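J.: Just the structure for this:
(one chain, ligands or ions: 1)
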Amino acid sequence: MNTINPNETNSWKELSDHFKIISKIHIKNFFVKDTSRFKNFSLVFNNKMLVDFSKNNISKNTIKLLIQLSKEMGLEKSIKDMFSGEKINKTENQPVLHIALRNMSNNPILVDRQNVMIDIKNSLKKMKVFSNLVIKGKWTGYTNKKITDIVNIGIGGSHLGPNMVIESLQQYRNHLNIHFISNIDSCNILNILKKINFETTIFLISSKTFTTKETMTNAMTIKNIFLKKTKIKKSLEKHFFALTTNVQCAENFGISKNNIFRFWNWVGGRYSLWSSVGLSISLAIGYKNFISLLKGAYDMDVHFSSERLEKNIPVILALIGIWYNNFFNTETEAILPYNNYMHKFVEYLQQTNMESNGKNINKQGKKVSWQTGPIVWGGIGTNSQHAFYQLLHQGTKLIPCDFIIPINKTNEFQKHNIQLLANFLAQTKALAFGESSDVFEEDVNSNIQISNNKKLFSTFKNFDGNKPSNSIMLDILDPYNLGSLIALYEHKTFVQGVIFNVYSFDQWGVELGKKMANDIEKSLDSKNQFDLSFDSSTNGLIKFYNNV
Ligand SMILES: O=P(O)(O)OC[C@H]1O[C@](O)(CO)[C@@H](O)[C@@H]1O
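T.: Here you go, the predicted structure:
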């Protein structure tokens, strides 16, 4: 195991010195000095994805030093360890093998000397058969009607990934309506209940542990309402399914053995959309498209595990992220997809990144003295341009951005597609290069007496530029490319975790809130006469609730 902290490496010291020079250079000057800047600072993946990282505050030397840092932190060995099934999730004593779920090679992957590919292939076969039966109308409900609606009941990784993929791939959807119940807030259930007919709906209870409070409460409520309506216990067999590692709990809940789609403890919840947790995806877009999604991710895995670091897209994006996070001290990064279907992408990435690297204890159990995972946020273009881009352009915070756009030339609304692309290009250009306010003077309304105020007025319109961004272009938004894009961000997160020297695959930080919610829930039970033994704030809030 690597035992060095990033800020104790030689590269870190070199990067700190290097920062003093680079931070004084405007991005536009990098372009002036190097006429081949785009060529030198962009990479293409499989002729389908272009990653342009030229509009950053970086030189060739920056990349060289960052790669040196990654080597000092043992990145190459860490990648090998993950792909070979080493137990790199040490605090849970598990390997981390979402990459096995999309392994399209014939190479075995061993966990405790067992080849996990056999179980994975069987699970995929079961998903294929079931998806086909439902889509073709051969799986019927308890009154023999064809299935029209699927409800996925799950939260966190058992919800965000499938929901994002299904939304992103709207154009590949079949006739099935897909719904998600995730929140314990009853509004979520009520809203879905209004839309479905129990006779033609199946419920996928998606939970790695099959113990998550929200999911279990939601599933039990639905089951009770369902049984009240059907009055036949056997009807559950036609309508209730479990996607889980915990077969016993699923059976105890009343799911029949055949209706359990298993996966394994070595799949992290937030990396589980590639497993049977992706059943809603396979139902929504068909098994063949689900496999294309896996294939896209697999090809990115091959790139990530075999390409040298200098040409390795997830590595380069991770290192640029570290450069801003740890040397420019930026606190956040914005993800800006220029595609309406991708409106769930940011929410999904927040879990991938923030649950993985939101840690303040290093692998040796000591408090870190460097910044770890950034705050990930963002929104879709062009809507976000009219909401928060003002701050990106003229605010006081430096916010590195990833702009993502799938090319769309195929539909009849070409004017819209062109305008969307023009906005995408314009924003990254405006952020990087800025513009002097003189350019705007001719626009100034002639009625305004600007002569006295001219100087003052123009400062408001000034664009400093020098705001960094990456541009990611996909040749199309299809299952394959989406798979590659998701895997790219998964690996970016992994690389950053290695450099931060934190364990990226546990999430102990969510436990305390869960435990306290249980204790407080008991005290809210009116039978207990509202136990008020908490702090004065919690007690005050409970009293207010009680008196309303
Ligand atoms: O799939 P499960 O076990 O219901 O867990 C749901 C989510 O809860 C978390 O453990 C966090 O609370 C996530 O990591 C996970 O994706």
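J.: For this structure, which residues are neighbours of the ligand?
T.: 155-158, 207-209, 212, 215, 269-270, 355, 507, 510 (C-beta under 6 Å from any ligand atom). In this view, the C-beta of every residue, glycine as well, is placed from N, C-alpha and C.
J.: And the strands in the stretch 51-200 of the chain?
T.: 110-111, 114-115, 149-153, 177-181 (DSSP state E, counting those that start in this stretch).
J.: Kindly report the same for the chain.
T.: 42-45, 49-52, 110-111, 114-115, 149-153, 177-181, 201-206, 240-244, 260-262, 332-337, 375-378, 401-406, 469-474 (DSSP state E).
J.: thinking again about what came up before, let me have the strands of the stretch 51-200 of the chain in JSON lines, extended by distance to Thr62 and mean pLDDT.
T.: Converted to JSON lines, these look like this (distance: least, C-beta to C-beta, whole Å; pLDDT from 0 to 100):
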{"stretch": "strand 110-111", "distance to Thr62": "39", "mean pLDDT": "96"}
{"stretch": "strand 114-115", "distance to Thr62": "42", "mean pLDDT": "96"}
{"stretch": "strand 149-153", "distance to Thr62": "43", "mean pLDDT": "98"}
{"stretch": "strand 177-181", "distance to Thr62": "42", "mean pLDDT": "98"}
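J.: and those as a markdown table, adding distance to Gln351 and mean neighbour count?
T.: Shown next, in a markdown table, are the strands of the stretch 51-200 of the chain (distance: least, C-beta to C-beta, whole Å; neighbours: other C-beta atoms under 10 Å):
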| stretch | distance to Gln351 | mean neighbour count |
| --- | --- | --- |
| strand 110-111 | 24 | 16 |
| strand 114-115 | 29 | 13 |
| strand 149-153 | 16 | 24 |
| strand 177-181 | 14 | 20 |
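J.: To Ala219, which of the ones you listed lies closest?
T.: Checking those against Ala219 by C-beta to C-beta gives strand 149-153 as the closest, at 5.1 Å.
J.: which stretches of the chain aren't confidently modelled?
T.: Low-confidence segments of the chain, defined by pLDDT under 70: 1-2, 437-452, 526-530.
J.: Walk me through the domains of it.
T.: Annotated domains of the chain cover 6-72+307-422+468-506, 99-292, 509-547 [automatic domain parsing].
J.: What's the end-to-end length of the last one?
T.: Read that as domain 509-547. In domain 509-547, first residue to last residue: 33 Å (C-alpha to C-alpha, to the nearest Å).
J.: Could you tell me which residues within that domain count as buried?
T.: By neighbour count on 16 or more other C-beta atoms under 10 Å, the buried set for domain 509-547 is 523, 542.
J.: for it, the distance to its chain's centre please.
T.: 32 Å (C-alpha atoms, centre = their mean, to the nearest Å).
J.: Then stretch 326-333?
T.: Centre to centre, stretch against its chain (C-alpha atoms, centre = their mean), the figure for stretch 326-333 is 19 Å.
J.: Need the residues that contact it.
T.: Residues lying outside stretch 326-333 but in contact with it, judged by C-beta atoms under 8 Å, 6 or more residues apart in numbering, are 6, 15-16, 19, 23, 57, 321, 324-325, 370-371, 374-377, 397-402.
J.: Are any of these buried, and if so which?
T.: For those, buried by 16+ other C-beta under 10 Å: 6, 15, 19, 57, 321, 324-325, 370-371, 374, 376-377, 398-402.
J.: quick one, longest helix in this protein?
T.: Taking DSSP state H as the assignment, the helix of the chain that covers the most residues is helix 479-500.
J.: what sits against the residue nearest to the spatial centre of the chain?
T.: Centroid check for the chain by C-alpha atoms, centre = their mean gives Leu349 as the closest residue, at 2.1 Å. By C-beta under 8 Å, 6+ apart, the contact list for Leu349 reads 335, 376, 489.
J.: How about Glu307?
T.: Ile313.
J.: and the gap between it and Met49?
T.: 13 Å (C-beta to C-beta, to the nearest Å).
J.: and for the two, which residues touch both?
T.: What both Glu307 and Met49 touch, as defined by C-beta under 8 Å, 6+ apart, is the set Ile313.
J.: before we move on, back to that, closest one of the contacts of Leu349 to Ile313?
T.: Tyr489 (10.5 Å).
J.: Would you pull up the residue in the stretch 401-548 of the chain closest to the ligand?
T.: Val510 (3.9 Å; C-beta to the nearest ligand atom).
J.: Chain neighbours aside, what residue packs nearest to that residue?
T.: Glu355 (7.5 Å; C-beta to C-beta, 6 or more residues apart in numbering).
J.: from memory that neighbour sits against Trp508, does it?
T.: No. Using C-beta atoms under 8 Å, Glu355 is not in contact with Trp508, being 10.6 Å away.
J.: The two: who's more crowded?
T.: Neighbour count, other C-beta atoms under 10 Å: between Glu355 and Trp508, Glu355 has more, with 22 against 11.
J.: Might you report the residue contacts of the more buried one?
T.: Glu355 neighbours (C-beta under 8 Å, 6+ apart): 156, 270, 507, 509-510.
J.: 10 Å - rerun?
T.: 156-157, 268-270, 373, 493, 504-507, 509-510 (C-beta atoms under 10 Å, 6 or more residues apart in numbering).
J.: Among these, name the buried ones.
T.: The buried subset of these - by 16+ other C-beta under 10 Å - is 156-157, 268-270, 373, 493, 504-507.
J.: Closest to Thr140 out of those residues?
T.: Gly157 (30.8 Å).
J.: Identify the residue spatially nearest to that closest one, adjacent ones excluded.
T.: Gly269 (3.4 Å).
J.: separation between the one you found and Thr211?
T.: Counting by C-beta to C-beta, the gap from Gly269 to Thr211 is 12 Å.
J.: now Lys514, nearest residue through space, not along the chain?
T.: Nearest one to Lys514, counting by C-beta to C-beta, 6+ apart, is Lys213 at 6.9 Å.
J.: Could you check how far the one you found is from Asn183?
T.: On the measure of C-beta to C-beta, Lys213 and Asn183 end up 12 Å apart.
J.: which residues are in contact with both of the two?
T.: With C-beta under 10 Å, 6+ apart as the test, Lys213 and Asn183 both reach Ile155.
J.: so Lys13 sits right up against Lys20, yeah?
T.: No. In this structure Lys13 lies outside contact range of Lys20 using C-beta atoms under 10 Å: 11.8 Å.
J.: So the residue of the stretch 251-400 of the chain at minimum distance from the ligand versus Thr91, what's the distance?
T.: Closest residue of the stretch 251-400 of the chain to the ligand, C-beta to the nearest ligand atom: Gly269 (2.7 Å). In this view, Gly269 and Thr91 are 15 Å apart by C-beta to C-beta.
J.: and if you look at Asn546?
T.: Where Thr91 is concerned, Asn546 sits at a distance of 40 Å (C-beta to C-beta).
J.: same question, Phe433
T.: Remark: distance between Phe433 and Thr91 (C-beta to C-beta) = 45 Å.
J.: surely Ile499 meets Lys363?
T.: No. Between Ile499 and Lys363 there is no contact under C-beta under 10 Å: 11.7 Å.
J.: Only alpha carbons, please: show stretch 129-136 as CSV.
T.: Coordinates of each C-alpha in stretch 129-136 appear next as CSV, following Å, rounded to 0.1, in the frame of the first residue of the first chain:
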residue,chain,number,x,y,z
VAL,A,129,-34.7,-13.2,-20.8
PHE,A,130,-36.8,-11.2,-18.4
SER,A,131,-36.4,-7.9,-20.3
ASN,A,132,-37.5,-9.6,-23.5
LEU,A,133,-40.5,-11.2,-21.9
VAL,A,134,-41.8,-7.9,-20.5
ILE,A,135,-41.1,-5.8,-23.6
LYS,A,136,-42.7,-8.4,-25.8
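J.: list the buried ones in it?
T.: Buried-residue list, stretch 129-136, by 16+ other C-beta under 10 Å: 130-132, 134-135.
J.: Many thanks, I have nothing further to ask.
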